[in-house]
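Colleague: Build me a model:
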Amino acid sequence: MSIHPTAIVDSKSKIHPSCEIGPYCVIGPEVELGEGCRLVSHVAIEGPTKIGANNRFFPFTSMGMAPQDITYAGEPTRLEIGAHNVIREFVTINRGTVKGGGCTRVGDHNLIMAYTHIAHDCQVGSHIIIANAATLGGHVTVGDWATVGALCPVHHFVRIGTHAFIGGGTTITRDVLPFSKTSAERGTHAYGLNAVGLERRGFTKERIQKIHHAYRVLLASKLNTSQALEKLKAEADCGEDVEMLIRFIEVSERGVIK
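Modeller: Residues are numbered from 1 along each chain as shown. Down below sits the predicted model:
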């Protein structure tokens with residue numbers, strides 16, 4: 001194990017021997033670091049926090065600190081981070097709260113850029129990009145392969161659908177549709193399908209065409225949301241992607257951005 005002499009590592013933490021802990025890092029008790037993790041310098045991690053393999057933490061990141069919630073009373077809540085994540089400078093990720101399920105989770109293969117904040121009880125999937133200074137309020141859910149642009153404030157309890165793309169500087173107060181491009185240009189709207197992203201991820205033309213048709217019905221027809229959903233459900237062989245899109249809208253509690 002490589003631990004810089006200026007680092008402070010609590011004896012009750014569990015650090016894999018292959019980890020590298022750089023200058024001035026502080027690792028508290030009840031912290032678990034999987035194999036191959038690298039803490040460049042000035043990284044602070046407080047437990048209970050469990051971190052998987054091959055994560056890289058850049059300077060001045062803060063992981064697993066108490067949630068910024070006035071009702072939090074010191075309960076033993078958790079932070080769980082998966083594997084192969086890159087977490088850049090000044091990122092903060094807080095533990096959960098009892099009322100929110102007790103655990104903040106981040107999946108695998110994510111790029112979390114500088115100054116991002118992920119608040120208590122967020123559930124962040126895998127293969128996600130969160131760009132500089134985006135802020136996720138408490139209880140936010142982010143689906144796999146989503147991209148959140150720089151300087152985006154995301155309201156608590158919002159859901160961001162899988163494969164969604166949010167343009168920089170967009171204030172998000174309602175759920176973001178799966179597969180959509182959403183931007184603050186001329187007011188916050190969904191501007192159709194994230195077709196380029198889907199092509200890059202190996203979606204076939206047939207799959208993309210089915211989703212594109214669903215978006216035309218949702219966004220470009222004169223039907224309201226309920227009527228559009230009924231029309232899509234009545235169509236034969238709409239595909240799993242469209243069925244997932246329909247379910248996402250039907251269970252939305254905050255409403256969706258159209």
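Colleague: any idea how far the nearest residue to residue 255 once chain neighbours are set aside is from residue 69?
Modeller: Leaving aside its sequence neighbours, residue 255 sits nearest to residue 174 (C-beta to C-beta, 6 or more residues apart in numbering; 4.7 Å). C-beta: built from backbone N, CA, C; applies to glycine. Separation of residue 174 from residue 69 (C-beta to C-beta, to the nearest Å) stands at 22 Å.
Colleague: Figure out how far stretch 47-54 is from the centre of its chain.
Modeller: 17 Å (C-alpha atoms, centre = their mean, to the nearest Å).
Colleague: about what we covered before: in contact with the residue nearest to residue 255, which residues?
Modeller: 155, 158, 252, 254-257 (C-beta atoms under 8 Å, 6 or more residues apart in numbering).
Colleague: Let's see that with 6 Å instead.
Modeller: For residue 174, the contacting residues are 254-257, by C-beta atoms under 6 Å, 6 or more residues apart in numbering.
Colleague: ditto for residue 161
Modeller: Residue 161 neighbours (C-beta under 6 Å, 6+ apart): 143, 176-178, 248.
Colleague: looking at those, which has the most residues close by?
Modeller: When neighbours are taken as other C-beta atoms under 10 Å, the top entry among those is residue 177 (28 neighbours).
Colleague: And the helices in this structure?
Modeller: Applying DSSP state H to the chain gives helices spanning 195-200, 205-215, 225-234, 240-250.
Colleague: List just the one of those that sits closest to residue 89.
Modeller: Of all those, it is helix 195-200 that lies closest to residue 89, at 26.1 Å by C-beta to C-beta.
Colleague: Identify each buried residue in that closest one, please.
Modeller: For helix 195-200, the neighbour count (16 or more other C-beta atoms under 10 Å) marks 195, 197-198 as buried.
Colleague: With stretch 249-258 instead?
Modeller: 249, 252, 256-258.
Colleague: ok, so of the residues you listed, who is nearest residue 86?
Modeller: residue 257 (28.1 Å).
Colleague: Test my guess that the closest one contacts residue 191.
Modeller: No - applying C-beta atoms under 6 Å, one finds residue 257 not in contact with residue 191, separated by 10.1 Å.
Colleague: follow-up on the earlier one: would JSON lines of the helices of the chain with distance to residue 147 and mean pLDDT be doable?
Modeller: Output for these, formatted as JSON lines (distance: least, C-beta to C-beta, whole Å; pLDDT from 0 to 100):
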{"stretch": "helix 195-200", "distance to residue 147": "7", "mean pLDDT": "92"}
{"stretch": "helix 205-215", "distance to residue 147": "17", "mean pLDDT": "93"}
{"stretch": "helix 225-234", "distance to residue 147": "24", "mean pLDDT": "91"}
{"stretch": "helix 240-250", "distance to residue 147": "17", "mean pLDDT": "94"}
